[in-house]
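Asks: Predicted model and sequence below, questions to follow.
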Amino acid sequence: MLLSVTSIHPWNTLPAFTLASRCKTQMEINQIHANLVATGHVHNPSLTSKLILDLAFSKHKPVLDFARHLFFEYDYRDPFLWNAIIRSFSHGKEPGQAFQLFVLMLLRGVMVDEYSFSLVLKSCSRLHLLSEGMQVHGLMLKVGFGLDVFLQNCLISMYVKCGIVQLGRQVFDRMIRKDSFSYNLMIDGYVKCGMVSLARELFDMMPSELKNLVSWNTMINGYLKLEDGFECAWDLFDKMPDRDLVSWNLMVDCCAKNGKMGLAQVLFDRMPERDVVSWASMVDGYAKVGNVEAARRFFDAMPRDVISCNAMMAGYVNNGYYEEALNVFHDMLGNTSDLAPDSVTLLTALSATTQLGCIDEGIAIHQYMEEHGFFVSGKLSVALLDMYAKCGSIEQALYVFEGVQEKDIDHWNAMIGALAIHGLGELAFDLFMKMERLSLEPDDITFIAVLHACGHSGMVKEGLVCFEIMRRVHRIVPKLQHYGCMVDILSRAGHLEEAAKFVEEMPILPNDVVWRTLLSACTNHENLNVGEPVAKHLIGMDSYDSSSYILLSNMYAQSGLWDYVRKVRTTMKERELNKIPGSSWIELEGTVHEFFVGSASNHTEKEIHSTFSGWSELRSELLCSKD
C-alpha cells in the first residue's frame, strides 16, 4: 500500500514532508513525527533519507534533533547523509560531536570525501582541537586529499585559529597553487597574532591579480591595531585601487577612537555611502572627546537602530549625562519605536541608573528584562546586582546573586563589594571564605573588596588574614590599592603608629590617596603626632590640594593650637584655595535632586531642607521618649 501511495504522490508533495522544513518548535516536529508513524513513512529509509537531507540544514534545534534521530534509526551508508548530519554539528552549538561522528563514519567504513574533511576541520577550528586537527591532516595526506586547494585552505584556517600560525604557514608554503583565500587566511592569521610585519611581507608578495578588498582591509585593520600604525594604515588606504564601505568605516572608526575628529569628519563627508556603523563611529568619537552636542546632532541625523542608540547612550553616560542616557532608552521603549533594546542597551541603562541612584528606574529595567526573556546572567546580572547595592537595596542584590546559576568571579566580587559598601563586613568576609571552601580562584579585585569590607567594619584581624592569604596562598602580588586598604584597616581601628610604619615599609611608593587615608584617620582620632608630619608630606606632594590643609587645620583646632590654625588658613588664602562644598542626592517622587551644604537656592531645595529639619525634630522627640 505504501508503494502505491508514494507512486501517486511524489515524496516531496506529501504533507508531512512539505511541512517538516517549516517547523520551528518541538510541538510542531512532534506532530510531523506522529504523522510519519501513522502513515508508515517513518519505516521507509528512502523517504526518511530525503527528509534528513532536507531537515539537516534547519536553524531550529528541534528540527535538527529530529533529523539526527531519523539518521541514527538506520544504518545509512550514504556519505551525503553522514555529511549532512556532521554539518549540522560542525555549524551548530555542538561542534565536538562532528568530530565524534566523523570517527564513527570511518569505523563504519563509509566513504569520506573532501566535504567530510572540510566539515571536521571546521569543528576542530571552532574548538581549537589542535591534536585532532593534526590527525585529520595526516589522514588527508594518507587518502590522497593533501593537494586539494580547498582543503589546504581549511587546514591553514584550522592551524591559525588554534594559534599555531607557523604550521599554517608550512601548509601555505607547500601549496602548489594558491588562491586569494589562501593569502587572505595567512595575512589575517598574522594580524590576529600581532605579527603585522609578517602580514605586510606576505601582502607585498601577493600577486596583484589576487589582491582583493579583503586583503587590503585586513592589512589596514592590522595596522590600525598598532599604537603607531595609523600612518601605515593611511598610506595603504590611499593606495587602494578600490574601496568599499568596510574600508571607509575602518578609517573613520580609527580616527574617532583616537580623537582625530577633524580627520574623521573629512573622511565621513567623503564617503560615497554610509551605514549605521559609519554614523555610530562619529557619535562615539564626538562623545569621547566630550562634544556631546555634536554627537547628538549626528545621532538625530542618522537612521535609528540599536547600534546608534547604544552609541548615544554610552556617550551620555561616559560624560555624566545620565538622565539623557535614560531618555534615549525610554524613547526606544516608546509606542512609536520598533527598536528592541539588546543586552548592551540594558547594561548602559543600568549604569546610568546606578550613577543616579534611582532604584525605581532600576526595578523597571529589571522587570523589562524578565518580561522580554533576557537571561539574567553574565554581565547583566553583575550590573543588576551592582545597581541594587548602590541604590540601597542589599536584599535585592543578594536575591539577584543567589538566582545566578553559574557564578563567575565577577559575581562574587560584585556581591562582596556590595556587602562592603553596606557595612556588612562579616558577611563579606564569610562570602570570601565560602569561595575558599569551594576552591574558587579569587583575583586582585576580590581582595580589594574583602579588605575594603574589613576596613569599614573594624575587622583588623580578618583583614590581616585576608592579606596573607592573598600573598602566601594565591601568590598574588599586592598592588597599591591593596596596601591602601591595609592602611585604611589599621587607621580606622586607631592603630595609627602601626599604619604609619606600614606605609613607610611599603615596597612600592605610596600615592597621595594612601597618605590622605592615614591623615584623615589621624584627624578622626585626634593624633597630631602622627598626623602633622603626614599632612606636611602631603602638602609637599601637592601644595594646591585644599584637603590636606583642611585636615591639618582641623587637627590643630582639636589640640587648641589656634595660632597654627590661623597660619594654615592664611596660607590657603594666599594660594587661593577653597574648600569644595559637599553635596548630597535624594530621590523624591521619582526625581533625583542634588543639593549642597548650606544651600537653599530654589523652592525644591527649601522643601528638602524643611523635610530634613522635620526628620531631625522627629528623631529628637523619639530620643526624648526613650529617655
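Replies: Yep, that arrived.
Asks: okay, which residue is most central for the protein?
Replies: Note on the chain: the residue nearest the mean C-alpha position is K379, at 6.5 Å, using CA atoms, centre = their mean.
Asks: Report the contact partners of V191.
Replies: Shown in contact with V191 (CB atoms under 8 Å, 6 or more residues apart in numbering): 199, 218-219, 221-222, 225. C-betas here are computed from N, CA, C, even on glycine.
Asks: distance of the residue nearest to the centre of the chain from T348?
Replies: As judged by CB to CB, to the nearest Å, K379 and T348 stand 11 Å apart.
Asks: Equivalent analysis for V112, please.
Replies: In terms of CB to CB, V112 sits 49 Å off from T348.
Asks: and these two? which has more neighbours close in?
Replies: T348 (26 against 20; other CB atoms under 10 Å).
Asks: Neighbour-wise, give me the winner out of the contacts of V191.
Replies: Going by other CB under 10 Å, M219 tops the contacts of V191 with 28 neighbours.
Asks: Can you show me the CA trace of the helix or strand harbouring L263 as CSV?
Replies: Element membership of L263 [criterion: DSSP states H and E] is helix 261-270. In CSV, the C-alpha atoms belonging to helix 261-270 read as follows (Å, rounded to 0.1, in the frame of the first residue of the first chain):
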residue,chain,number,x,y,z
MET,A,261,37.6,64.1,14.9
GLY,A,262,38.6,66.7,12.3
LEU,A,263,40.1,64.0,10.0
ALA,A,264,37.2,61.6,10.9
GLN,A,265,34.7,64.3,9.7
VAL,A,266,36.6,64.8,6.4
LEU,A,267,36.5,61.1,5.7
PHE,A,268,32.9,60.8,6.7
ASP,A,269,32.0,63.6,4.4
ARG,A,270,33.9,62.0,1.5
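Asks: Show me what it is packed against.
Replies: The helices and strands touching helix 261-270, judged by 3 or more CB pairs under 8 Å, 6 or more residues apart in numbering; DSSP states H and E, are helix 245-257, helix 276-288.
Asks: try it again with 10 Å
Replies: With contacts taken as 3 or more CB pairs under 10 Å, 6 or more residues apart in numbering; DSSP states H and E, helix 261-270 sits against helix 230-239, helix 245-257, helix 276-288, helix 292-301.
Asks: which of those helices sits most buried?
Replies: Across the helices and strands packed on helix 261-270, the average number of neighbours (mean count of other CB atoms under 10 Å) peaks for helix 276-288, which reaches a mean of 23.
Asks: State the mean pLDDT of that helix.
Replies: Helix 276-288 shows a mean pLDDT of 94.
Asks: Over to stretch 388-397?
Replies: 94.
Asks: what's the span of it, first residue to last?
Replies: 5 Å (CA to CA, to the nearest Å).
Asks: List the buried residues of it.
Replies: The neighbour-count criterion (16 or more other CB atoms under 10 Å) identifies 388-391, 393-394, 396-397 as the buried residues of stretch 388-397.
Asks: Which single one of those residues is nearest to C522?
Replies: K390 (29.3 Å; CB to CB).
Asks: how near is that closest one to E323?
Replies: Taken as CB to CB, the span from K390 to E323 is 17 Å.
Asks: picking up where we left off before, what's the closest non-adjacent residue to the residue nearest to the centre of the chain?
Replies: Of all residues not flanking K379 in the chain, L347 sits nearest, at 6.0 Å (CB to CB, 6 or more residues apart in numbering).
Asks: gap between that neighbour and Y322?
Replies: Counting by CB to CB - L347 and Y322 are separated by 14 Å.
Asks: list the residues that contact both of these two?
Replies: Contact with both L347 and Y322 is made by residues M313, according to CB atoms under 10 Å, 6 or more residues apart in numbering.
Asks: Against which helices or strands is the helix or strand harbouring the residue nearest to the centre of the chain packed?
Replies: Assigning secondary structure by DSSP H and E places K379 in helix 378-390. Identification of packing neighbours for helix 378-390 by 3+ CB pairs under 10 Å, 6+ apart yields helix 343-356, helix 359-371, helix 394-403, helix 409-421.
Asks: so can I have a markdown table of the ones you listed showing distance to S457?
Replies: Shown next, in a markdown table, are the helices and strands packed on helix 378-390 (distance: least, CB to CB, whole Å):
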| stretch | distance to S457 |
| --- | --- |
| helix 343-356 | 23 |
| helix 359-371 | 24 |
| helix 394-403 | 14 |
| helix 409-421 | 8 |
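Asks: mind checking which of these is nearest C162?
Replies: Short answer: helix 409-421, nearest of these by CB to CB, at 26.3 Å.
Asks: Distance from stretch 77-89 to the middle of the chain?
Replies: 37 Å (CA atoms, centre = their mean, to the nearest Å).
Asks: scratch that, stretch 278-294 is what I was asking about
Replies: 21 Å.
Asks: likewise stretch 273-291?
Replies: Worked out by CA atoms, centre = their mean, stretch 273-291 lies 20 Å from the chain centre.
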